[in-house]
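**Q** Sharing a model that was predicted from the sequence below.
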Amino acid sequence: MNRAQSWGKADIHIHSNHSDGTASIPQIMDYVQDRTDLDVIAITDHNTIEGALFAKSLEELYDFEVVVGEEVSSREGHILGLFLTEHVPAGMSARDTVAAIEAQGGIAIVAHPFSNQGVFGPFGRNLFADAVNDWAFHALEIYNSLPFLVWANSIAAKMFAGGHGIAATGGSDAHYLEAVGKGFTIFRGSTAEDLRRSILNLETRADSRPQGLSFVWRIARNYRRIRQLQALNHERCKAPCGVQD
Ligand SMILES: [Zn+2]
Ligand SMILES: [Zn+2]
């Protein structure tokens, strides 16, 4: 990997079998190493950092860096916490969830903001304007690679284009191996700390790798398994864990 490059690539929204993903942490780590050019990944399971801590413990065996993350089910919708050291509980308000992430020095990102499981929902344009002023989250996920979120992505990108002093990020929201790296965040530098600095400096952008029809097909094929895992993980979700995202 070329560490001298000026822009790095991070997939900061990945699920493992510690929540409702189908892949194990070692499988994800091997896949990222062998099949992607990602510099940084964040494991962001629903309402647990177990898998992310496991991935972090394996980091030195690989050429990329791992960020400990969690996709927290707040009462209003999903919020990604990155650079966490402790688990953030589900079921709090979005505002308190963002505050809990920041209290441990983390980065708070509103995931797929305008999807059904998103904090603002498909019609939440007004709430968005209030939230930008009141909650002080760091970034908005303007690209999420789940195919049914195309419309929600475009609203997020449009809201973002207004310039609100928040960073734009992208992630795959991968629930199975081959989806890892399909969506990503471009940042200045190549390390996890560079990623953090880039988000704080608003020097990130969202991007994607072409998906094609096979991608949609794989999601369909994995859907039943993912739903089963969601049912098994239901105990951890004080608020709805969401379907697939
Ligand atoms: Zn989600
Ligand atoms: Zn997710």
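**A** All right, it came through fine. Ligands and ions are numbered 1, 2, ... in the order given.
**Q** ok, and for the longest strand along the chain, which residues are buried?
**A** As far as residue count goes, and with DSSP state E defining each element, the longest strand of the chain is strand 7-14. Judged by neighbour count using 16 or more other C-beta atoms under 10 Å, the buried positions of strand 7-14 are Gly8, Lys9, Ala10, Asp11, Ile12, His13, Ile14. For every residue, glycine as well, the C-beta is placed using N, CA and C.
**Q** For the second one, give the beta-bridge partners.
**A** Think Lys9. Beta-bridge pairing for Lys9 (DSSP bridges): Ile186.
**Q** got a list of what it touches?
**A** Applying C-beta atoms under 8 Å, 6 or more residues apart in numbering to Lys9 gives the contacts Asp37, Leu38, Asp39, Val40, Phe184, Thr185, Ile186, Phe187.
**Q** hmm, back to that, Serialize the buried residues of strand 7-14 to CSV and add fields for distance to ligand 1.
**A** Formatted as CSV, the buried residues of strand 7-14 follow (distance: C-beta to the ion, whole Å):
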residue, distance to ligand 1
Gly8, 24
Lys9, 21
Ala10, 17
Asp11, 14
Ile12, 13
His13, 8
Ile14, 12
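**Q** so what pLDDT did the spatially most central residue of the chain get?
**A** What sits nearest the mean C-alpha location of the chain, by C-alpha atoms, centre = their mean, is His13, with 2.6 Å. pLDDT, His13: 98.
**Q** wait, what's in contact with it?
**A** His13 sits in contact with Ala42, Thr44, Glu71, Leu80, Ala111, Glu141, Asn144, Gly171, Ser172, Asp173, Ala174, Gly183, where contact means C-beta under 8 Å, 6+ apart.
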